[in-house]
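Peer 1: Structure here, sequence nowhere to be found:
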């Protein structure tokens, strides 16, 4: 049975990334960005609220989805699928889309005056902090795609060793409390293999929790049962995290760290439980968004930065409009761009999506088959 709520959770999470990334232009902690206006604690609160759990949820979902994928695929098929859906889009996005972002960043932050095509040389020869706000090389939002591919390769190793040693899970499952307490270990992985504050070890751990624990229906049912409790604790922790980090005026590093990781794990469990209860449906919206969610992820940041660059002078003294207008236009432009890309098979191949034309052909064939079957019955 297809778990519709996992795809729905995935695309809903990805939709949040436009206001999340737009808010980075007002961050208060000195992080370089392609466009930076001024420090603003209210807008920065969007980032601090969502950052503990927005990407961890995607890695947990990836782990759960892998468990179901391997019911229908061999490990070899899984690997080549990961190459097609992750590695190729990562290379394409880094080479084709990221130079646009770094070019705009260089123009805005450092007054670069050369052409976009001349800036390609800058992109491939300037290696600094790998963020790209100075025009240098960066993988930008494609860090997620790269991490997911690397984690998938590591997982294949774990899976192969597990099979060779014939290690099987015991029929008696561990108590659900161990699922809850698995979040306690998150701080131990936070600084391991961390690049730009993004820990490969932490995301691998979340992926494996998804695969080995949260893919079990019994655990998912209990997660659904306690969803409101998780949400209540998660929201309190997330709000406290925002308050302590941005608004309190004094440093409480230990308490702040605790609130961050409590928010991370409780909100991940809450979203899974709420998704299972309320988002387990298909239909037109599900099909539309599931087809385009990966394209949306790849394309959205370019439009956010482009519209912020275009409107930076026009709306300079109107912070609210400078935030809202690029966000709205970025949604419109990203969806329009998705509609173009999804109808071009070559672009779909390089961006890890399925061309809509093929799906329509399948639907047409299926419809004709049904018509022939109904005609035969009438005869």
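Peer 2: Thanks, I have the structure now. Remember, it's a predicted structure, so these values are computed and weren't measured experimentally.

Peer 1: Can you list the buried residues in stretch 257-268?
Peer 2: 258-268 (16 or more other C-beta atoms under 10 Å). The C-beta positions use only the backbone N, C-alpha and C, and glycine is treated the same way.

Peer 1: Residues touching it, excluding its own?
Peer 2: 52-53, 56-57, 60, 180, 182-183, 186-187, 190, 206, 230-231, 233-235, 237-238, 240-241, 244 (C-beta atoms under 8 Å, 6 or more residues apart in numbering).

Peer 1: what about residue 154, how many neighbours?
Peer 2: Counted with other C-beta atoms under 10 Å, residues neighbouring residue 154 total 14.

Peer 1: Next one: it from residue 268, what distance?
Peer 2: From residue 154 across to residue 268, the span is 20 Å (C-beta to C-beta, to the nearest Å).

Peer 1: Same question for residue 59.
Peer 2: 9 Å.

Peer 1: which residues are common contacts for those two?
Peer 2: In contact with both residue 59 and residue 268: residue 206, using C-beta under 8 Å, 6+ apart.

Peer 1: ok, which stretches of the stretch 151-300 of the chain are helices?
Peer 2: Ranges of helices within the stretch 151-300 of the chain are 176-181, 186-189, 200-212, 217-225, 227-242, 253-278, 284-311, based on DSSP state H, counting those that start in this stretch.

Peer 1: Dump those helices to CSV, plus distance to residue 64.
Peer 2: CSV is the format used below for the helices of the stretch 151-300 of the chain (distance: least, C-beta to C-beta, whole Å):
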stretch, distance to residue 64
helix 176-181, 12
helix 186-189, 17
helix 200-212, 4
helix 217-225, 8
helix 227-242, 16
helix 253-278, 8
helix 284-311, 15
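
Peer 1: Report the buried members of the contacts of stretch 257-268.
Peer 2: By neighbour count, with 16+ other C-beta under 10 Å, these hold 52-53, 56-57, 60, 180, 182-183, 186, 190, 206, 230-231, 233-234, 237-238, 240-241, 244 as buried.

Peer 1: Give me the contacts around stretch 24-33.
Peer 2: For stretch 24-33, the external contacting residues (C-beta under 8 Å, 6+ apart) are 35-41, 43-44, 47, 105, 109, 129, 131, 133-134, 246, 308, 319, 323.

Peer 1: Brilliant, that's me finished.
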